[in-house]
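Participant: Sequence plus the predicted model coming up.
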Amino acid sequence: MIYLQMYSMVFGLCCGSFLNALIYRMPRQITIFSSRSRSQCTKCGNQLRWFDNIPLFSYIFLLGRCRNCKSFISFRYPLVELVIGCFAFIITPHNLSLERLGLYFFYLSSFSSLVAIFLIDLDFKIIPNELNLYLGMNFLLLVVFNKPYTHWLVGAMIGFLFPLAITYGFYLLKGQVGLGGGDIKLYGVLGLFLGPVGIIHNIFLSCFLGAIVGALLILFKVVKRKTPIPFGPFIVTIAVVQLYLPDVFSQVISYLMLG
Ligand SMILES: [Zn+2]
């Protein structure tokens, strides 16, 4: 069945390539679906030919440089393609059924949205509403028929209202906005899938992770004390473990509980 996995990986590489375009264009308000918005070099504006646009292989063939101006192409582009490609390879079902195929697309599309949220927030300190909405639709399609509303509805409400209340309280006390609106919406969306307990785990662990990384960045003078740090990447990191490695996550939780 390795053929199926190889096909799946090629499909994943193409998804990664599309994701690169989306991550670049969405926060810059450039149309994603248009014949006129062909991929071009970000330095010289040279339009890429189809053979310069093949996921992973074009980057290797061009040795990471633009064919026209020879400037270096960010290593992140092939990395995103490779990550999505490997993810698709790993999640390929061993024998096909409609249900497994549906789950395959759910995993691939939710993971891709999380990667996009991670990188756009890192670059621009925003989480586009469209991505939160898309991820929410993904989750909703899966949970509405499989879980009671006490799981997804209560999870989403806790995910949205709890961070909102803390942020508002923090604002009243200190006059500073802690979490952005995009972060709060992301918590709400993740609550749909994770449920009440899962989303509380995510909120505490992402804040914990954010505090550690933030302290290290200040300690090593990567950022100044007052510089706001994008928070989406921490939420996404914890959520990825919860969503795709639930066994690892429950082991981490029981380890933390026992102390
Ligand atoms: Zn160029």
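Facilitator: Everything's here; your move.
Participant: Verify the contact between residue 129 and residue 185 for me.
Facilitator: Yes - A contact is recorded between residue 129 and residue 185 when judged using Cβ atoms under 8 Å, the distance being 7.2 Å. Quick note: C-beta positions are derived from backbone N, CA and C, even for glycine.
Participant: When those two are compared, which one has more neighbours?
Facilitator: Remark: of residue 129 and residue 185, residue 185 carries more neighbours, 21 against 11, as counted by other Cβ atoms under 10 Å.
Participant: In terms of pLDDT, where does the residue nearest to the spatial centre of the chain sit?
Facilitator: Centre of the chain computed as the mean C-alpha position; nearest residue by Cα atoms, centre = their mean is residue 114, 1.8 Å away. As predicted, residue 114 sits at a pLDDT of 98.
Participant: Likewise for residue 55?
Facilitator: pLDDT, the model's per-residue confidence, is 92 for residue 55.
Participant: isn't it right up against residue 79?
Facilitator: No - in this structure, residue 55 sits apart from residue 79 without contact. The criterion is Cβ under 8 Å, and the distance is 11.4 Å.
Participant: between the two, who's got more neighbours?
Facilitator: In this view residue 55 and residue 79 are compared by other Cβ under 10 Å, and residue 55 has more residues nearby, 22 against 14.
Participant: Give me the phi and psi for that one.
Facilitator: For residue 55, the backbone dihedrals are phi -50, psi 140 (criterion: degrees, to the nearest 10).
Participant: For residue 83, see how far away it is.
Facilitator: 12 Å (Cβ to Cβ, to the nearest Å).
Participant: and the spatially closest residue to residue 144 that is not a sequence neighbour, what does it touch?
Facilitator: With Cβ to Cβ, 6 or more residues apart in numbering as the measure, residue 152 is the residue that lies nearest to residue 144, at 7.0 Å, once sequence neighbours are left out. The neighbours of residue 152, taking Cβ atoms under 8 Å, 6 or more residues apart in numbering as the test, are 139-140, 143-144, 191-193, 195.
Participant: Distance-wise, check residue 98 relative to residue 190.
Facilitator: According to Cβ to Cβ, residue 98 stands 27 Å off from residue 190.
Participant: quick one: which of those two has more around it?
Facilitator: Here residue 98 and residue 190 are compared on neighbour count by other Cβ under 10 Å; more neighbours surround residue 190, at 30 against 7.
Participant: Are we agreed that that one is in a helix?
Facilitator: Yes - under DSSP: H, G, I helix; E, B strand; the rest coil, residue 190 falls within a helix.
Participant: Verify the stated contact: it with residue 235.
Facilitator: Yes - with contact defined as Cβ under 8 Å, residue 190 reaches residue 235; the gap is 7.1 Å.
Participant: Quick one: mean pLDDT for the host helix or strand of residue 243?
Facilitator: When elements are assigned from DSSP states H and E, residue 243 belongs to helix 232-244. The pLDDT scores in helix 232-244 average 97.
Participant: what's it packed up against?
Facilitator: The helices and strands touching helix 232-244, judged by 3 or more Cβ pairs under 8 Å, 6 or more residues apart in numbering; DSSP states H and E, are helix 98-124, helix 181-219, helix 246-258.
Participant: Please state the offset of the shortest one from the chain centre?
Facilitator: Relative to the mean C-alpha coordinate of its chain, helix 246-258 is positioned 22 Å out (Cα atoms, centre = their mean, to the nearest Å).
Participant: tell me what that helix is packed against?
Facilitator: With contacts defined as 3+ Cβ pairs under 8 Å, 6+ apart, helix 246-258 has these neighbours: helix 232-244.
Participant: Now do the buried residues in the helix it packs on.
Facilitator: In terms of neighbour count (16 or more other Cβ atoms under 10 Å), helix 232-244 has its buried residues at 232-240, 242-244.
Participant: Next, the angle from that helix to helix 246-258.
Facilitator: The directions of helix 232-244 and helix 246-258 differ by 110 degrees, with axes from the mean of the first three to the mean of the last three Cα atoms, to 10 degrees as the criterion.
Participant: what's helix 232-244 in contact with?
Facilitator: Residues from elsewhere that reach helix 232-244 (Cβ under 8 Å, 6+ apart): 107, 110-111, 114-115, 117-118, 120-122, 127, 182-183, 186-187, 190, 193-194, 198, 201-202, 205-207, 209-210, 213, 248-249, 252.
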